[in-house]
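K.L.:
I need the structure of the sequence given here:
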Amino acid sequence: EVQLVESGGGLVQPGGSLRLSCAASGFLFSSYAMSWVRQAPGKGLEWVSAIVGGGGSTYYADSMKGRFTISRDNAENTLYLQLNSLKTEDTAMYYCTKDLNYYVGYGMDYWGKGTLVTISS
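P.N.:
Residues are numbered from 1 along each chain as shown. Next up is the predicted model:
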């Protein structure tokens, strides 16, 4: 059974940082690209970032470039998202997703339950 469990969310002041983690199990982690998707209160889903199975290529939404960093530890079956220079508009539920392929862009088939990030002074 595929399981994705996010952690690391919380309340942070503007300009602060957080590191999100996603513990994966039930599949061969290194064989699949992984992504982060977020949903702000009252808004739709927004793709944030993705990383190929081996970790050698990463991709970001334009508004996150330079502030967020995606990474993975295939030995530990864990996906990460480092969030820096956080803004109030980054407030959202952040979801870890498993992609359908080693490479990015083929869709997602499993989602975690999310971790809430709140940016407020």
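K.L.:
find the nearest non-adjacent residue to the residue nearest in space to the middle of the chain, please.
P.N.:
Note on the chain: the residue nearest the mean C-alpha position is residue 36, at 2.8 Å, using CA atoms, centre = their mean. Nearest non-adjacent residue to residue 36, counting by CB to CB, 6 or more residues apart in numbering: residue 48, 4.2 Å away. Glycine gets a C-beta too; all of them are placed from N, C-alpha and C.
K.L.:
is the one you found in contact with residue 39, as I believe?
P.N.:
No: the criterion here is CB atoms under 8 Å, and residue 48 misses it with residue 39 at 10.3 Å.
K.L.:
these two: who's more crowded?
P.N.:
Neighbour count, other CB atoms under 10 Å: between residue 48 and residue 39, residue 48 has more, with 24 against 14.
K.L.:
show me what the helix or strand hosting the more buried one is packed up against.
P.N.:
Per DSSP states H and E, residue 48 falls inside strand 45-51. If you count contacts as 3 or more CB pairs under 8 Å, 6 or more residues apart in numbering; DSSP states H and E, strand 45-51 packs onto strand 34-39, strand 58-60, strand 68-73, strand 78-83, strand 92-99.
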